[in-house]
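# just coords:
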């Protein structure tokens, strides 16, 4: 007896009953979003190229309705919602300086490209446009990745709130090769030897204020400018020739409700990283310079009426203002810029951080172990020390190639002598005497050539 064929009936998923195909080939669907004042149902119609696309969009809208965020997402664009997220959640999770960078990237790179779009309208292509625009404008890969990361965090927040179902940043591609073209000044961050000499001579002749000891601490001890300004006399151990770096100044921005900076306040806080807290040995030139500066501060304290604080107390800042307060970065830079103009150094590309790079470079030129340099600089990762703080100029490269050239020349000479001496036993006395005379003549010529070089 033949078995009866049973036809199975598959139940449609939620909301799929409202999906239909139009006469023009497109798919459409609708979902109820509430009721009007008369009690009549309000429906939102969705269109798409396929039934699956429409079903996905309807599912997203249903999720927003259930989470009571439908009106919020419909009435506000990405710029408004992301700014609120930045101010409400991101601001309290990062340092003020980091948040300043977040706001700057948001307003400069994200808002102009996709800021006016609804959150649910933004897909992988839209985020990729943000990335491609930054690549075309030759921003560094690091900056591009920071913007992608910021968008990624926001869309994870959007998924948690049922605004969207997927994160559009996950399939965005960024080239691993940094396309930013750096100028010579940016590439070579340390001071070249000829500029170093000119700079040090200027410091010796023009040492009326704190610029000389401040620069020496950065150039010959490798401190960041914020670390140097925050130094106190108790951090300087003259007997054991050490400096203890515990704190650093930082500029904290204050923001309004729109994320705009109202003002900046200089505070003494933690160092850049935990690895930056360190006690380092210092050179005699730094010790002597700080001793001389301490004597000058004592003399000023005793003779100048404008000095109202004890400038050499253990808890006093080494480079304090006359009232004992900590100096600001902007104030120090302004005085430093005047010093450079006064001594014809304003076109030499000298800035505070280049002095720290110069300290690192001088140690690399002495073939010092990178791990040692890492500890002196207070870096978390030795890769930073090797890749960022090891600028190589042409003179450094020439010195290395000259050493290689000398070795090749010596090996060649040794080989020539060995080849010419293999048949000495077979020579007659006259032939041997002539050969020795020829070798001596060649040796004299080489010595004369080396002397002339």
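Sure, I can see it. All of these numbers come straight from a predicted model, not from anything done at the bench.
# What segments of this protein are strands?
20-21, 27-35, 41-48, 236-237, 242-245, 248-255, 261-269, 278-281 (DSSP state E).
# Of all these, which one comes closest to residue 168?
strand 41-48 (16.9 Å; CB to CB). For the C-beta atoms, the positions are set from N, CA and C on the backbone; glycine is no exception.
# Dump the strands of the chain to a markdown table, plus mean neighbour count and distance to residue 363.
Below are those laid out as a markdown table (neighbours: other CB atoms under 10 Å; distance: least, CB to CB, whole Å):
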| stretch | mean neighbour count | distance to residue 363 |
| --- | --- | --- |
| strand 20-21 | 12 | 73 |
| strand 27-35 | 16 | 67 |
| strand 41-48 | 13 | 63 |
| strand 236-237 | 18 | 21 |
| strand 242-245 | 19 | 16 |
| strand 248-255 | 17 | 22 |
| strand 261-269 | 13 | 28 |
| strand 278-281 | 15 | 12 |
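# Let's have those strands in a markdown table, adding mean pLDDT.
Formatted as a markdown table, those follow (pLDDT from 0 to 100):
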| stretch | mean pLDDT |
| --- | --- |
| strand 20-21 | 80 |
| strand 27-35 | 71 |
| strand 41-48 | 72 |
| strand 236-237 | 96 |
| strand 242-245 | 94 |
| strand 248-255 | 88 |
| strand 261-269 | 87 |
| strand 278-281 | 92 |
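# low pLDDT regions in the stretch 351-453 of the chain?
389-404, 407-408, 411, 413-429, 431-432, 443-453 (pLDDT under 70).
# hmm, try it at 50
The stretch 351-453 of the chain contains residues with pLDDT under 50 at 422, 451, 453.
# For residue 150, see how far away residue 99 is.
Counting by CB to CB, to the nearest Å, the separation of residue 99 from residue 150 is 11 Å.
# Please say which of those two ends up with more neighbours.
residue 150 (22 against 19; other CB atoms under 10 Å).
# Of all the strands of the chain, which one comes closest to residue 339?
Across the strands of the chain, closest to residue 339 is strand 248-255 (CB to CB), at 19.8 Å.
# quick revisit: redo the strands of the chain as a markdown table? Include distance to residue 383.
Below are these laid out as a markdown table (distance: least, CB to CB, whole Å):
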| stretch | distance to residue 383 |
| --- | --- |
| strand 20-21 | 58 |
| strand 27-35 | 52 |
| strand 41-48 | 48 |
| strand 236-237 | 31 |
| strand 242-245 | 21 |
| strand 248-255 | 22 |
| strand 261-269 | 26 |
| strand 278-281 | 18 |
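# and of these, who's closest to residue 106?
Closest among the strands of the chain, using CB to CB: strand 248-255, at 12.5 Å.
# orientation of the closest one relative to strand 261-269 in degrees?
Angle of strand 248-255 versus strand 261-269, following axes from the mean of the first three to the mean of the last three CA atoms, to 10 degrees, is 160 degrees.
# Can you list the strands that strand 248-255 pairs with?
strand 261-269 (antiparallel) (DSSP bridges).
# contact partners of the partner strand?
100, 230, 247-256, 326, 328-329 (CB atoms under 8 Å, 6 or more residues apart in numbering).
# any idea how far that strand is from the chain center?
21 Å (CA atoms, centre = their mean, to the nearest Å).
# for stretch 114-124, same thing?
That offset, for stretch 114-124, works out to 29 Å (CA atoms, centre = their mean).
# Which pLDDT value does the model give the closest residue to residue 266 other than its chain neighbours?
Nearest non-adjacent residue to residue 266, counting by CB to CB, 6 or more residues apart in numbering: residue 328, 4.4 Å away. pLDDT, residue 328: 93.
# Could you do residue 13 as well?
52.
# sorry, back to before: give the burial count for the residue nearest to residue 266, as a bare number.
Quick note: residue 328 (other CB under 10 Å) scores 16 neighbours.
# and if you look at the one 3 residues further on?
With neighbours defined by other CB under 10 Å, the count for residue 331 comes to 13.
# That one and residue 319: what is the separation?
As judged by CB to CB, residue 331 and residue 319 stand 10 Å apart.
# and if you look at residue 200?
Distance from residue 200 to residue 319, by CB to CB: 19 Å.
# Could you do residue 360 as well?
Taking CB to CB, one finds residue 360 at 22 Å from residue 319.
# Equivalent analysis for residue 276, please.
Distance from residue 276 to residue 319, by CB to CB: 18 Å.
# mind checking pLDDT for the residue sitting nearest the centre point of the chain?
The residue lying closest to the centre of the chain (CA atoms, centre = their mean) is residue 142, at 7.5 Å. Looking at residue 142, its pLDDT is 90.
# And for the one 10 residues further on?
Residue 152 is assigned a pLDDT of 96 by the prediction.
# How about it: what's its closest non-neighbour residue?
According to CB to CB, 6+ apart, the nearest residue to residue 152 is residue 169 (4.3 Å).
# Around the one you found, how many other residues sit close by?
By other CB under 10 Å, neighbour count at residue 169 equals 22.
# who's more crowded, residue 360 and residue 319?
Taking other CB under 10 Å, residue 360 and residue 319 do not tie; residue 360 has more neighbours (25 against 22).
# is it true that that one touches residue 373?
Yes: counting by CB atoms under 8 Å, residue 360 does reach residue 373; the two are 5.8 Å apart.
# just to revisit the earlier point, which residues sit in contact with the residue nearest to residue 266?
249, 251, 266.
# got it, and residue 203?
211, 212, 215, 216.
# Show me these that map onto helices.
In helices, defined here by DSSP state H, the members of the contacts of residue 203 are 211, 212, 215, 216.
# Since that was my last question, I'll sign off now.
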